[in-house]
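>>> For reference, the sequence and a predicted model appear below.
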Amino acid sequence: MPSLLRFPRPRTFLHLISLRTATEFIAFTLAINKVTGLYGILALLTGYHLNPLQLSHYIYSLAILGLICYLSPAIRQRDADGVVKTVALAWVYVVDSAVNSVYTTLFGAGWFVILAQHLNEGSAGGSKAPGAGTMNDTAGFTSPEHTVGKVDVIATPAPGAMPGQEAVAYASGDGSNLGNVLFERGSVASITVLALLWLIRIYFCLIILSYARSTLRQYIASTSAGQYTQTDDPTMAENPFHAGREEGAGWRGKLGRFMLRFPTRRYWLGRDEGEEEWVRATSGRFESGRNLKIKVPAENGGVGERERRARSGTGPPLPGAGVKGKVPQ
């Protein structure tokens, strides 16, 4: 498969840090991020009002925090249980990234809709965006309700009053809409920062998946000799969570087989280009032993190594050859 079409497989973090150290750091930062769910639940005890979207996000954060605390210790394990947990940790991070992007999109859309309505109509109270009510209550700029860019004063004579006049003030908006709000200087900066953060998050996903992949392949290398049969595809190693193996029994085996389906089975079990260590570690799983050019000294019908050296005079010296005098009988 062309390298440009392959799923990325980084071997280090920015060519500076090992995958294991980077994975531990990523898991730690994710746990710190999900602690906010605990503070959100504690806010309910103080009587703070949360809309359903916020409440669901806090409950979800607590669930992810529990999974991280359960799976993270397996990063340094090398047995079958550690492999399953490490791969599960990688997928928890990937799924959390996808779910978190949905929450971010919903909250961001709600915020920009409120901002556009506030600038365009002077009030965001009628917005139906997710979380609009809480945002409208907590945003400081929404009070007073009416915000105008300029005031047009139209003077008209008061009926029956010659000495004075009556002035009527009409509020004129600046014509702002959602598009104008999105492309304001401050909004563009916010969107740019969010895009950069998500690029970093995607790279973190690649790092943690690569570490889970290397852990799985190391486990296959350490347990493949004499345990697994040759697969039909010589470029693929056998799934260690196969239903016929001990590791593939029960719900752990089902979970392992399911997780190795994505993004592709070849990503987890396929041979890399130029991966000689993988070939040797799996006892020639990818190549037949007939291709190995190893010469074995002949023992029957040929001259052995010791006899050849003795005939050529390069063998070890005879006992007592360098001792002067008589050898005691």
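Yes, it's here. Numbers count the residues shown, from 1 in each chain.

>>> Poorly predicted segments of the stretch 101-250 of the chain, please.
Along the stretch 101-250 of the chain, segments meeting pLDDT under 70 span 117-186, 224-232.

>>> same thing but at 50, please
Under the criterion pLDDT under 50, the flagged ranges of the stretch 101-250 of the chain are 122-125, 173-176, 226-230.

>>> can you pull the buried residues of the host helix or strand of residue 187?
Counting by DSSP states H and E, the element that carries residue 187 is helix 185-223. Going by neighbour count (16 or more other CB atoms under 10 Å), the buried part of helix 185-223 is 201, 203-217, 219-221, 223. (C-beta placed from N, C-alpha, C; glycine too.)

>>> now stretch 21-36
Counting neighbours by 16+ other CB under 10 Å, the buried set in stretch 21-36 is 22-24, 26-27, 30-31, 34.

>>> Among those residues, which lie within helices?
When helices are assigned by DSSP state H, the members of the buried residues of stretch 21-36 inside them are 22-24, 26-27, 30-31, 34.

>>> give the contact list for residue 28.
Applying CB atoms under 8 Å, 6 or more residues apart in numbering to residue 28 gives the contacts residue 72.

>>> And it, how close does it get to residue 216?
When distances are taken as CB to CB, to the nearest Å, residue 28 and residue 216 turn out to be 22 Å apart.

>>> Look up phi and psi at the residue nearest to residue 223 when sequence neighbours are not counted.
Excluding the flanking residues, the one nearest residue 223 by CB to CB, 6 or more residues apart in numbering is residue 240, at 7.0 Å. For residue 240, the backbone dihedrals (degrees, to the nearest 10) come out as phi -70, psi -20.

>>> wait, doesn't residue 240 sit right on residue 249?
No: in terms of CB atoms under 8 Å, residue 240 does not count as a neighbour of residue 249; the distance is 12.0 Å.

>>> Compare the two (neighbour count), which wins?
Summary of the neighbour comparison: residue 240 and residue 249, criterion other CB atoms under 10 Å, with residue 240 having more neighbours (26 against 12).

>>> tell me the contacts of that one?
Residues touching residue 240, when contacts are defined by CB under 8 Å, 6+ apart, comprise 80, 83, 216, 219-220, 223, 228, 247-248, 256.

>>> what does residue 13 give?
Under the criterion of CB under 8 Å, 6+ apart, the contact partners of residue 13 comprise 19, 21-22, 207.

>>> Now with 6 Å, please.
22, 207 (CB atoms under 6 Å, 6 or more residues apart in numbering).

>>> Look up how far residue 25 lies from it.
Counting by CB to CB, the gap from residue 13 to residue 25 is 8 Å.

>>> sec struct for the closest residue to residue 241 other than its chain neighbours, please.
Nearest residue to residue 241, sequence neighbours excluded (CB to CB, 6+ apart): residue 256, at 3.3 Å. Judged by DSSP: H, G, I helix; E, B strand; the rest coil, the three-state class of residue 256 is helix.

>>> Can you get me a residue count around residue 256?
Based on other CB under 10 Å, the number of other residues close to residue 256 is 21.

>>> Check whether it really touches residue 84, as I assumed.
Yes: taking CB atoms under 6 Å as the definition, residue 256 is a contact partner of residue 84 at 5.2 Å.

>>> could you pull out the helices for the protein?
For the chain, the helices defined by DSSP H occupy 19-34, 36-45, 52-71, 80-121, 132-138, 178-182, 185-223, 250-259, 265-269, 276-281, 305-312.

>>> Reformat these as TSV; add distance to residue 6.
Listed next are these as TSV, based on distance: least, CB to CB, whole Å:
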stretch	distance to residue 6
helix 19-34	17
helix 36-45	36
helix 52-71	27
helix 80-121	18
helix 132-138	43
helix 178-182	36
helix 185-223	12
helix 250-259	19
helix 265-269	8
helix 276-281	15
helix 305-312	47
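
>>> Out of the ones you listed, which is closest to residue 234?
Within these, the stretch nearest residue 234 is helix 276-281; the backing value is 10.3 Å (CB to CB).

>>> What's the mean pLDDT across that closest one?
Per-residue pLDDT values over helix 276-281 give a mean of 51.

>>> Break the chain down into its structural domains.
Using automatic domain parsing, the domain ranges for the chain come out as 1-142+177-210, 224-287.
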